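Asker: Structure, please.
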Amino acid sequence: MSSTELPGVKAAAELTSQVGGARVAAGERLRTAPLSGLELNVRFRPSVRDGLPPALFVHGLGGSSQNWSALMERLAADVDCEAVDLPGFGWSPPPADRDYSVTGLARVVIRYLDAAGRGPVHLFGNSLGGAVSTRVAAVRPDLVRTLTLVSPALPELRVQRSAVPTALLALPGVAALFGRLTRGMSAEQRTRGVTDLCYGDPSRVTVEGFEEAVEEMERRMALPYFWDAMTRSSRGIVDAYTLGGQHGLWRQAQRVLAPTLLIYGGRDQLVSYRKARRAAAAFGGSRLLSLPEAGHVAMMEYPDVVATAFRELLRDTERARHTASGERPERSGHGGRSEHGEQTEQTADTEDGRG
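Answerer: Down below sits the predicted model:
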């Protein structure tokens, strides 16, 4: 359920710089999107050519838009990439109403898309961002072309033991207790703990990436609203897990109309790998990519594999759209398969980072 500010990996070793204190990868830019009651920091890559379809990336609990930098770099020729810092995370200030519920965050994404006029988009979500994106796709299908979910935080009756501390943050007083118990931990120790928790293979993290993550951890821990954002967001996930009926996330997954790509890591310690098949059944016509060596943040650990899987989804979706409209589809240079709404499953060999 957590993807707290994470370092990059060897497969995505791109030089970074800082803009107003925020780190940006080469080719990225930042801007502020003002909305009523909040401001969103938006990380984007200028389009390499006109006419690319828009894409929006939504990070997980404790993460930021930077979690998507490696994947956005690889998809820059395929989609017009933007990633948001959810309120209270990254470089976005907390929301005025302090609403960190899944519904509240989904409302923020919807408001941004409506205000920017970018919909429908290819929507990506990781962890908490996956739950948020599921809700957006269910209630506003007009805003979503395709849906790509990396380890989405969907309800589990038996939460993995390693995910229990994150869930406990939802309880009153626990955040303060955590703060006292971990007061003596350095930013480096905290970052190492997050890396070990979220990566399938922490050795893939570069020295430079780890140092940048430590720097960001120090900044985040100094923010007066850090624990409030973490606590309320954790509570939002737990509350979403307990919702039943039409508002339940599994029920809303069944309502999603957009072609969906699901990506699960075999070494994920936060979202259970065993939920992959249930998710594939819930999202009608979805395709499932299983990465046995990946952890919770496959888009950071294996961005090339994830990018290839999305390109196949994009190609097949465009082909189906052209066929339905009677147009001649464009020829694609990417290999792969055409699926036309059938549920499929693929397991990628990620030993060396290649599919």
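Asker: what's the residue closest to the geometric middle of this protein?
Answerer: Central residue of the chain (Cα atoms, centre = their mean): residue 126, 2.4 Å from the mean position.
Asker: need the contact list for that one.
Answerer: Applying Cβ atoms under 8 Å, 6 or more residues apart in numbering to residue 126 gives the contacts 3, 58-60, 63, 67-68, 149-152, 296-297, 299. (Glycine included, C-beta is placed from N, CA and C.)
Asker: Tell me where this protein is predicted with low confidence.
Answerer: For the chain, the stretches with pLDDT under 70 are 1-21, 157-184, 325-345, 348-355.
Asker: And the strands in it, which stretches?
Answerer: If DSSP state E is used as the criterion, the strands of the chain fall at 16-19, 22-25, 29-35, 38-44, 54-58, 80-85, 121-126, 144-150, 260-265, 287-291, 344-347.
Asker: Could you save the ones you listed as CSV and add columns showing distance to residue 306?
Answerer: Listed next are the strands of the chain as CSV, based on distance: least, Cβ to Cβ, whole Å:
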stretch, distance to residue 306
strand 16-19, 20
strand 22-25, 16
strand 29-35, 22
strand 38-44, 17
strand 54-58, 11
strand 80-85, 13
strand 121-126, 9
strand 144-150, 7
strand 260-265, 6
strand 287-291, 8
strand 344-347, 12
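Asker: now for those, which one comes closest to residue 99?
Answerer: For residue 99, the closest of the strands of the chain is strand 38-44, at 9.6 Å, according to Cβ to Cβ.
Asker: what residues does that closest one touch?
Answerer: Taking Cβ under 8 Å, 6+ apart as the rule, strand 38-44 contacts 22, 24, 28-33, 65-66, 68-69, 72, 81-87, 90-96, 108, 112.
Asker: got the CA coordinates for it in PDB?
Answerer: Taking C-alpha atoms only, strand 38-44 is exported to PDB below (Å, rounded to 0.1, in the frame of the first residue of the first chain):
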ATOM      1  CA  LEU A  38      -5.700  23.200  -3.600                       C
ATOM      2  CA  GLU A  39      -2.700  23.400  -5.800                       C
ATOM      3  CA  LEU A  40      -1.300  20.500  -7.700                       C
ATOM      4  CA  ASN A  41       2.300  20.100  -8.800                       C
ATOM      5  CA  VAL A  42       2.400  18.600 -12.300                       C
ATOM      6  CA  ARG A  43       5.500  16.900 -13.700                       C
ATOM      7  CA  PHE A  44       5.500  16.600 -17.500                       C
END
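Asker: That concludes my questions; thank you for your assistance.
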